[in-house]
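J.: Structure for the following, please:
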Amino acid sequence: MFSPDDLIGEDRSFEEKAMQVFKFQSQNNPVYKRFCQALNIKKPTGISDIPLLPIQGFKDTEVITTPNNSKLNTQNSTLSFQSSGTSGMDRSRHFVSVPEIYRQSIIQGMQQFYNLDEYVIWAYTPGYNSNPNSSLIWMLNTLIEREESGLSKFLELGKPLEDLEIKEIQAADKKLMLFGAAFGLMDIIEKYPVQLHDDTVILETGGMKTHRREINKEQLHKQLAEGFGLPISQIHSEYGMTELLSQAYAQGSLWFQCVPWMKVSIRNPRDPMNEMPVGEEGLIGVIDLANLYSCSFILTGDKGIQSKAGVFQVLGRWNPQNLRGCNFLIEQD
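T.: Presented below is the predicted three-dimensional model:
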């Protein structure tokens, strides 16, 4: 059994830990084991040779790593996250056998970018509140419960931000961090205009498509900055998903940085074992060591580019028709 410190501590290099996790999962995760066997991957020489499981696998089957002689399985998993969607849609499921790993990934991950003790957390999450198995809601609950002022909370939907409550945050010598899906934040500024203190951080979690139109990230950030009366540098983004237990953050720009136990690469859609040259578009591949008891090596359905510095941009969803079929690799026995 691994502990959170084994994964997110700094005692060993990322590559050393990733290779150990690959060995563990390729032996103890039936889905990932079959996937590696189908590709004839036995012993990668480095992390660039580790195959990335297409994210569709989280919809088609149960992706869980169960060590020999362990009681970990989907029946006794403490948490089971499910992606949002309408009735009848295929949704991803992510079984989390050790919630403490997720909790530590959330807190220690955000501490890489923010001094959480300085912030009150407000969450505005239309579209997620109705999903009792939302990983984002679990994440926000974790942050709200950690914050000790008593001012952190989920905001009531369809209501304006209260000036008195904003002043209470300032009186407590705290800053406000407002989490929200992009379309929800747009609704706030259009229906309930408010001027926020210029040290407020707006942290949008994606979801640019609204009932009115779809806008790109640059337009979104400009409108949020103007709507909340903030510098553009205070509009930040989080990149995460149901299938990941770690997040990347973009602070006042379009470029995301990973937490130390997460690594992104841009893969060739026609041959995902190969990476695209720097600056060229491809599929975003993720190694997330916090996914210890599911699968840490994932090929997402997102399009992106990466810079020489290793930071990356998300350019939207890739056309699924461009993805190589993978179902034959992850069929149930």
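
J.: Of all residues in the protein, which one is nearest the centre?
T.: When Cα atoms, centre = their mean is applied to the chain, the residue found nearest the centroid is Gly240 (1.4 Å).

J.: how far away is the closest residue to that residue other than its chain neighbours from Ser92?
T.: Counting by Cβ to Cβ, 6 or more residues apart in numbering, Gln247 is the residue found nearest to Gly240 once chain neighbours are left out, at 4.0 Å. For glycine as for every other residue, the C-beta is placed from the backbone atoms N, C-alpha and C. Distance of Gln247 to Ser92, computed by Cβ to Cβ, to the nearest Å: 16 Å.

J.: So which of those two has more stuff around it?
T.: More crowded of Gln247 and Ser92, by other Cβ atoms under 10 Å: Gln247, with 24 against 20.

J.: Which stretches in the stretch 201-333 of the chain count as strands?
T.: 201-204, 235-239, 248-251, 257-258, 262-268, 271-275, 282-288, 297-306, 312-317 (DSSP state E, counting those that start in this stretch).

J.: Could you list every helix and strand that the second one packs against?
T.: It refers to strand 235-239. strand 201-204, helix 217-228, strand 248-251 (3 or more Cβ pairs under 8 Å, 6 or more residues apart in numbering; DSSP states H and E).

J.: one more time with 10 Å
T.: Strand 235-239 sits against strand 175-180, strand 201-204, helix 217-228, strand 248-251, strand 297-306, strand 312-317, with contacts defined as 3 or more Cβ pairs under 10 Å, 6 or more residues apart in numbering; DSSP states H and E.

J.: Dump the C-alpha coordinates for the longest one into CSV.
T.: This file holds the C-alpha atoms of helix 217-228, laid out as CSV (Å, rounded to 0.1, in the frame of the first residue of the first chain):
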residue,chain,number,x,y,z
LYS,A,217,-10.9,31.4,-22.9
GLU,A,218,-9.3,34.8,-23.7
GLN,A,219,-12.7,36.4,-24.3
LEU,A,220,-14.1,34.8,-21.1
HIS,A,221,-11.3,36.1,-18.9
LYS,A,222,-11.6,39.6,-20.4
GLN,A,223,-15.4,39.7,-19.7
LEU,A,224,-14.9,38.3,-16.2
ALA,A,225,-12.3,40.9,-15.4
GLU,A,226,-14.5,43.7,-16.6
GLY,A,227,-17.6,42.3,-15.0
PHE,A,228,-16.1,42.0,-11.5
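
J.: What residues sit buried inside that helix?
T.: 217, 220-221, 223-225, 227-228 (16 or more other Cβ atoms under 10 Å).

J.: Tell me where the model's unsure across the stretch 151-300 of the chain.
T.: Scanning the stretch 151-300 of the chain for pLDDT under 70 picks out the ranges 207-214.

J.: how far does stretch 118-126 sit from the chain's center?
T.: 17 Å (Cα atoms, centre = their mean, to the nearest Å).

J.: Would you format the buried residues of helix 217-228 as a markdown table with distance to Arg146 included?
T.: Below are the buried residues of helix 217-228 laid out as a markdown table (distance: Cβ to Cβ, whole Å):
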| residue | distance to Arg146 |
| --- | --- |
| Lys217 | 28 |
| Leu220 | 28 |
| His221 | 27 |
| Gln223 | 31 |
| Leu224 | 25 |
| Ala225 | 28 |
| Gly227 | 28 |
| Phe228 | 24 |
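
J.: can you tell me which of those lies nearest to Gly316?
T.: Lys217 (9.0 Å; Cβ to Cβ).

J.: all strands for the stretch 1-150 of the chain, in order.
T.: Ranges of strands within the stretch 1-150 of the chain are 53-54, 79-82, 93-96, 119-124, based on DSSP E, counting those that start in this stretch.

J.: Return the residues in contact with Val201.
T.: Counting by Cβ atoms under 10 Å, 6 or more residues apart in numbering, Val201 touches 113-114, 118-119, 175-179, 230, 233-236, 251-252.

J.: at 8 Å instead, please
T.: Counting by Cβ atoms under 8 Å, 6 or more residues apart in numbering, Val201 touches 114, 119, 175-178, 234, 236.

J.: Then Lys33?
T.: Contact analysis of Lys33 by Cβ under 8 Å, 6+ apart lists 26-27.

J.: now do Leu244
T.: Contacts of Leu244 by Cβ under 8 Å, 6+ apart are 262, 286, 288, 290-291, 298.

J.: what separates it from Cys258, distance-wise?
T.: Separation of Leu244 from Cys258 (Cβ to Cβ): 11 Å.

J.: Ok, Val278 next?
T.: According to Cβ to Cβ, Val278 stands 16 Å off from Cys258.

J.: got the residue ranges for the helices in the stretch 1-150 of the chain?
T.: Secondary structure of the stretch 1-150 of the chain (DSSP state H, counting those that start in this stretch): helices located at 4-8, 14-28, 30-38, 57-60, 99-111, 135-146.

J.: Quick one, which of these gets closest to Pro272.
T.: helix 30-38 (11.5 Å).

J.: wait, His236 sits on Ile202?
T.: Yes. Counting by Cβ atoms under 8 Å, His236 touches Ile202, with 6.7 Å between them.
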